[in-house]
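In: this one's sequence-less:
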């Protein structure tokens, strides 16, 4: 190939151009436009070192801002009156105190321990009301039996209820001893009298009861006179209406009430009547 051939020239010029370019590039890299990197700059360009420097700068800036804040004087606060401040503090304290009373810790919940079987409730036993005690029957004295002594007690008890003196009790007992021997008698003349509780019967007209009082004479009804308590009350009432009976003998006082055909028949019973009265009053 001829040296003057254009294609030959093109082929020969191409490498030269490439080398020239490389030389120029090398020159730009190491020439006056850029100085080769030093070891110190390479160290600063490493990633760990950059992170450490950034952290240090941030800390320094934070400390500086804190110092600037402390050095900056605060704006003066308006001075409040002392009384208002104390009142506000007291109100706050009261409010906290009231809330604390309502917000105490709740007591611990007690969970009952389950038992095998529930305890039965105690059975309440009510006592039956006591029946009134029966009055004790008096012990018979002076040869009387229990029925006679019970009737004598009725006569004495009603005499005391009517505030009659002791002598009136003796007169009443002596009269009943003579009239009925201290038994509550019905009358054979009055069949009605047998319908009431009685302890025997007599046949002296329509006389009934302990004192043989007659319904026909105004002493009371048959039913009333057959009750020993009513008969004793009727006798004491009639005795109290006799003037000066207290100064009379037992037989005279009894006769003034009974108007018997045998006025002296009551005298023999005075001693025994006195004994019975004393026993019942003891």
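Out: Cool, the structure landed. Treat the numbers as computed from the prediction; the structure is a model and nothing was measured.
In: Could you pull out the strands in the stretch 151-282 of the chain for me?
Out: Applying DSSP state E, counting those that start in this stretch to the stretch 151-282 of the chain gives strands spanning 186-187, 201-202.
In: neighbouring strands for the last one, and are they parallel or not?
Out: Which is strand 201-202. Paired neighbours of strand 201-202 in the sheet (DSSP bridges): strand 186-187 (parallel).
In: got a list of contacts for the partner strand?
Out: Residues outside strand 186-187 that contact it (Cβ atoms under 8 Å, 6 or more residues apart in numbering): 193-194, 196, 198, 200-208, 226. C-beta coordinates here come from the backbone N, C-alpha and C atoms, glycine included.
In: same thing but 7 Å
Out: 193, 194, 198, 201, 202, 206, 207, 208 (Cβ atoms under 7 Å, 6 or more residues apart in numbering).
In: excluding its backbone neighbours, what's nearest the first one?
Out: Excluding its sequence neighbours, the residue lying closest to residue 193 (Cβ to Cβ, 6 or more residues apart in numbering) is residue 186, at 3.9 Å.
In: From residue 215, how far off is that neighbour?
Out: 12 Å (Cβ to Cβ, to the nearest Å).
In: do residue 191 as well
Out: In terms of Cβ to Cβ, residue 191 sits 13 Å off from residue 215.
In: ok, these two, which is more surrounded?
Out: Using other Cβ atoms under 10 Å, the more surrounded residue of residue 191 and residue 215 is residue 215, with 20 against 10.
In: ok, the closest residue to that one other than its chain neighbours - how many residues close by?
Out: Excluding its sequence neighbours, the residue lying closest to residue 215 (Cβ to Cβ, 6+ apart) is residue 222, at 5.4 Å. Counted with other Cβ under 10 Å, residues neighbouring residue 222 total 19.
In: Residue 272 now?
Out: Residue 272: 17 neighbours (other Cβ under 10 Å).
In: for residue 237, same thing?
Out: Count around residue 237 with other Cβ under 10 Å applied: 12.
In: Likewise for the one 4 residues further on?
Out: For residue 241, the number of neighbouring residues by other Cβ under 10 Å comes to 10.
In: From residue 176, how far off is it?
Out: 19 Å.
In: next one: residue 155
Out: When residue 155 is compared with residue 176 (using Cβ to Cβ), they lie 6 Å apart.
In: which of these two has more neighbours?
Out: residue 176 (30 against 27).
In: dump the residue contacts of the residue nearest to the more buried one when sequence neighbours are not counted.
Out: Among residues not flanking residue 176 along the chain, residue 210 sits closest, at 4.7 Å (Cβ to Cβ, 6+ apart). For residue 210, the contacting residues are 151, 176, 180, 182, 184, 228, 231, by Cβ under 7 Å, 6+ apart.
In: Just to check, the last one is in contact with residue 214?
Out: Read it as residue 231. No: using Cβ atoms under 7 Å, residue 231 is not in contact with residue 214; the gap is 11.6 Å.
In: Could you tell me how many residues sit around residue 194?
Out: The tally of other residues near residue 194 (other Cβ under 10 Å) stands at 14.
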